[in-house]
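[1] any chance you could fold what I've pasted below:
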Amino acid sequence: MTRPTSEEDKVYVWPNGNRSRTHEEWARYYKQIKESEGFDVDPFPGTCEFGLTAITDFDDEILIRCTKLAIEHFNKKNDMSYVFVKIEKATCSVATGLWYYVTFQAVDGEAEPKIFQAKVLYGVQRNIKVALCRLKPTAS
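    Sure, this is the predicted structure:
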């Protein structure tokens with residue numbers, strides 16, 4: 001782990017080697033949340049804060065189950081037949097369960113995969129609630 005270099009950020013290093021985010025990292029974190037609605041937040045290795053955290057294990061059974069339910073929800077709502085392909089990016093926050101913000105690919109027939117975003121709650125009682133599933137907005 002690379003230690004912070006500025007005098008101000010040395011305060012953030014904990015005795016166990018973990019650290020809090022630096023002021024610059026917090027600024028980047030909040031900018032990413034604002035610009036992406038929570039879907040595109042970089043990992044901050046070696047840090048130990050709560051909030052939206054980037055997920056790197058896309059093979060997680062619960063994450064995949066939540067994502068598949070999201071595309072099913074989208075299909076029912078829009079009379080479509082997309083099928084989940086793979087997760088591209090995901091973040092998670094802890095609040096009454098796990099809130100997943102997932103960017104993933106799905107296909108409809110033989111067409112090229114489309115990119116979707118879903119916000120899904122995996123509740124403390126193992127219930128799953130899809131709050132949002134949409135095609136990823138294009139940059140303007």
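[2] is it correct that Val120 falls within a helix?
    No: under the criterion used here (DSSP: H, G, I helix; E, B strand; the rest coil), Val120 is strand, not part of a helix.
[3] quick check: bridge partners of it?
    Tyr100, Val130 (DSSP bridges).
[4] so who does it touch?
    66-67, 69-70, 99-100, 102, 128-131, 133 (Cβ atoms under 8 Å, 6 or more residues apart in numbering). Using the backbone N, CA and C atoms, a C-beta is placed for each residue, glycine as well.
[5] pull out the buried members of those residues.
    Neighbour-count burial (16 or more other Cβ atoms under 10 Å) is assigned, among these, to 66-67, 69-70, 99-100, 102, 128, 130, 133.
[6] could you export these as a markdown table, including pLDDT?
    Rendered in a markdown table, the data for the buried ones among the contacts of Val120 read as follows (pLDDT from 0 to 100):
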| residue | pLDDT |
| --- | --- |
| Cys66 | 96 |
| Thr67 | 97 |
| Leu69 | 97 |
| Ala70 | 97 |
| Trp99 | 91 |
| Tyr100 | 93 |
| Val102 | 96 |
| Ile128 | 95 |
| Val130 | 96 |
| Cys133 | 97 |
